[in-house]
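> okay, predicted coordinates and the sequence, questions at the end:
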Amino acid sequence: MNPFIFFDLGQTLIDEWSFVGYFDNLLFKTLNDYGARVDQRNYIALRNNLILDRKFGSSGFLELVSLMSKLTLPIGYASTINDILKEDLLRNKRELIKLFDEVPKIIPLLSKKYSLGIISNNSSGSANLLRRHDLDKYFEVVCLSENIGFKKPDHKIFQKALADANLDINNCVMVGDRLDIDIMPANELGMKTIRTLNSLYKIQRVKNEKETPLFTINSLTELPEILLYIG
C-alpha cells in the first residue's frame, strides 16, 4: 500500500520568504525606534539564535516579536511592540504569502499515487491559498490547529490526522520544515519524516535522534523520487 503523505503548510507548501523579509525590516525598524540600538547584523544573529536554540515554538512570528523585544529593549516593551505590529503583520502576511512555484504541479501529480493530508499550525487563511488554486480537493485530511484545539508539536494534532486517515502509522509520512515541531513529534509517533530546506528554519541543526529526518530535500520537486524509496 502506498503511504499517506502529510504536509505542513507554512514554508513547506507556502512560500513565506517575501513576508519574512517584510517582517524583519518592520521589526528591526520598530525595535530601533523604541531605542534598541541594534544593527542589522546583530538583529539577524539574535533572530537566528532564537531559531537555533528552539526558543520559540508553535506561535510563529508573533512569538518572535515578543522574544526579540525582550532581548533588545527594557522590561515591559514586549507587549507594546506586539500590540503595535500585530495587525500590520497579520494583514501583510495574508498579502505576501503564496504557494511555492512547484506546488500547483507537484500536488496533483502526487495525488495520482498517494493519499495527501495537511497537519499545520497555520490558520485557515493560509489554507485558503490551496482553495484559490483549486488544490484543496487533493487533500483527504486537513488538520489545522485552530480547528483541532492543539498545536504542533503536541502529539494530539498528529493523532487526529492519523485517525482521520485510518491508516497504519508506519505507512504515514510527514513532510515539514521544522525539526522541533514537524520532524521530532512525527518521529516519536513512528511516522516516516522528510525535511524541506526552503525555509527560514533551514538553519536548525539536529540535536538528537528524534529530530533526525529520514530524508532531507531542497525542493518539493524531489518528493516523487524520494517517495519511491519509502513506498
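Looks like it arrived, so ask away. Numbers count the residues shown, from 1 in each chain.
> quick check: next helix or strand after the helix or strand of the chain with the lowest mean pLDDT?
Least confident helix or strand of the chain, by mean pLDDT, DSSP states H and E, is helix 124-132 with a mean of 86. Scanning forward in sequence from helix 124-132 by DSSP states H and E, the next helix or strand is strand 139-144.
> so Val173 is in contact with Ile230, correct?
Yes. Using Cβ atoms under 8 Å, Val173 is in contact with Ile230, at 6.1 Å. (Each C-beta comes from the backbone N, C-alpha and C, glycine too.)
> what's in contact with the least confident helix or strand of the chain?
Applying Cβ atoms under 8 Å, 6 or more residues apart in numbering, the external contacts of helix 124-132 come out as 9-10, 13-14, 94, 97-99, 118, 120, 136, 139, 142, 144, 146-147.
> wait, what's in contact with Asn147?
Asn147 neighbours (Cβ under 8 Å, 6+ apart): Ser124.
> helix or strand: which one has it?
helix 145-148.
> buried residues in that helix?
For helix 145-148, the neighbour count (16 or more other Cβ atoms under 10 Å) marks 145, 148 as buried.
> which secondary structure elements does the helix or strand containing Ala45 contact?
Applying DSSP H and E as the criterion places Ala45 in helix 40-52. Helix 40-52 makes packing contacts with helix 17-33, helix 60-72 when contacts are defined by 3 or more Cβ pairs under 8 Å, 6 or more residues apart in numbering; DSSP states H and E.
> mind redoing it with 7 Å?
Where contact means 3 or more Cβ pairs under 7 Å, 6 or more residues apart in numbering; DSSP states H and E, helix 40-52 is packed against helix 60-72.
> what lies in contact with the helix it packs on?
Here helix 60-72 makes contact (Cβ atoms under 7 Å, 6 or more residues apart in numbering) with 23, 27, 31, 36, 38, 46-47, 50, 55-56, 77-78, 81-82, 85-86, 89, 121.
> buried subset of these, written for PyMOL?
Burial among those is assessed by 16+ other Cβ under 10 Å; the matching PyMOL selection reads:
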select buried, resi 23+27+31+36+38+46+47+50+56+77+78+81+85+89+121
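> CA atoms only for stretch 87-98, dumped as PDB, please.
Taking C-alpha atoms only, stretch 87-98 is exported to PDB below (Å, rounded to 0.1, in the frame of the first residue of the first chain):
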ATOM      1  CA  GLU A  87      -2.500  43.800  12.900                       C
ATOM      2  CA  ASP A  88       0.100  45.000  10.400                       C
ATOM      3  CA  LEU A  89       1.900  41.600  10.300                       C
ATOM      4  CA  LEU A  90      -1.300  39.600  10.100                       C
ATOM      5  CA  ARG A  91      -2.600  41.700   7.200                       C
ATOM      6  CA  ASN A  92       0.700  41.700   5.300                       C
ATOM      7  CA  LYS A  93       1.200  38.000   5.800                       C
ATOM      8  CA  ARG A  94      -2.100  37.400   4.000                       C
ATOM      9  CA  GLU A  95      -1.000  39.600   1.200                       C
ATOM     10  CA  LEU A  96       2.600  38.500   0.800                       C
ATOM     11  CA  ILE A  97       2.500  34.700   1.100                       C
ATOM     12  CA  LYS A  98       2.000  32.500  -1.900                       C
END
